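> sequence plus the predicted model coming up.
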Amino acid sequence: MLFGKKDDAGRAEAARRVRAWVALHAGAGEDDAVMVTELQCTEEGCPPVETVLALLRPREQPRKWKVHKPTALVTEEDVRAAIEGRDEHTGH
């Protein structure tokens, strides 16, 4: 079995941790939603896995950032750099 329950629990915990950092550093409010999604990156020159961060506010366009590493490896500094636009591996 490639992915087991232990792996699922680890992924969920990593996503919760990263979601909390996004909420903190992006200034999420009570009515805002924060999403963290790990995706395969298919763009040329892109690492094979990236984590997409999103802040959704009512009546506003979503704000999105990318960190080019798996969610389990994303650090608080990665999140802060992405939100502040300080990392070349982030965008949108």
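The structure has been received and is ready for your questions.
> for the host helix or strand of residue 12, C-alpha coordinates in CSV please.
Using DSSP states H and E, residue 12 sits within helix 5-26. Provided in CSV are the C-alpha atoms of helix 5-26 (Å, rounded to 0.1, in the frame of the first residue of the first chain):
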residue,chain,number,x,y,z
LYS,A,5,-3.7,5.9,7.4
LYS,A,6,-0.5,7.1,9.2
ASP,A,7,0.5,9.0,6.0
ASP,A,8,-3.0,10.5,5.7
ALA,A,9,-2.8,11.7,9.4
GLY,A,10,0.7,13.2,8.7
ARG,A,11,-0.6,15.0,5.6
ALA,A,12,-3.7,16.3,7.5
GLU,A,13,-1.5,17.6,10.3
ALA,A,14,0.9,19.3,7.9
ALA,A,15,-2.0,21.0,6.1
ARG,A,16,-3.5,22.2,9.4
ARG,A,17,-0.1,23.6,10.4
VAL,A,18,0.4,25.4,7.1
ARG,A,19,-3.2,26.7,7.1
ALA,A,20,-2.7,28.3,10.5
TRP,A,21,0.5,30.0,9.3
VAL,A,22,-1.3,31.3,6.2
ALA,A,23,-4.2,32.7,8.4
LEU,A,24,-1.7,34.4,10.7
HIS,A,25,0.6,35.9,8.0
ALA,A,26,-2.2,36.8,5.6
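> that one packs against which elements?
strand 33-40, strand 49-56, helix 76-84 (3 or more CB pairs under 8 Å, 6 or more residues apart in numbering; DSSP states H and E). No exception for glycine: its C-beta is placed from N, CA and C like everyone else's.
> low-confidence ranges, this protein, go.
1-6, 87-92 (pLDDT under 70).
> go through the helix holding residue 12 and flag the buried ones.
When neighbours are counted by 16 or more other CB atoms under 10 Å, the buried residues of helix 5-26 are found to be 14, 15, 17, 18, 19, 21, 22, 23, 25, 26.
> stretch 43-61: how far from the chain's middle?
Centre-to-centre, stretch 43-61 and its host chain are 7 Å apart (CA atoms, centre = their mean, to the nearest Å).
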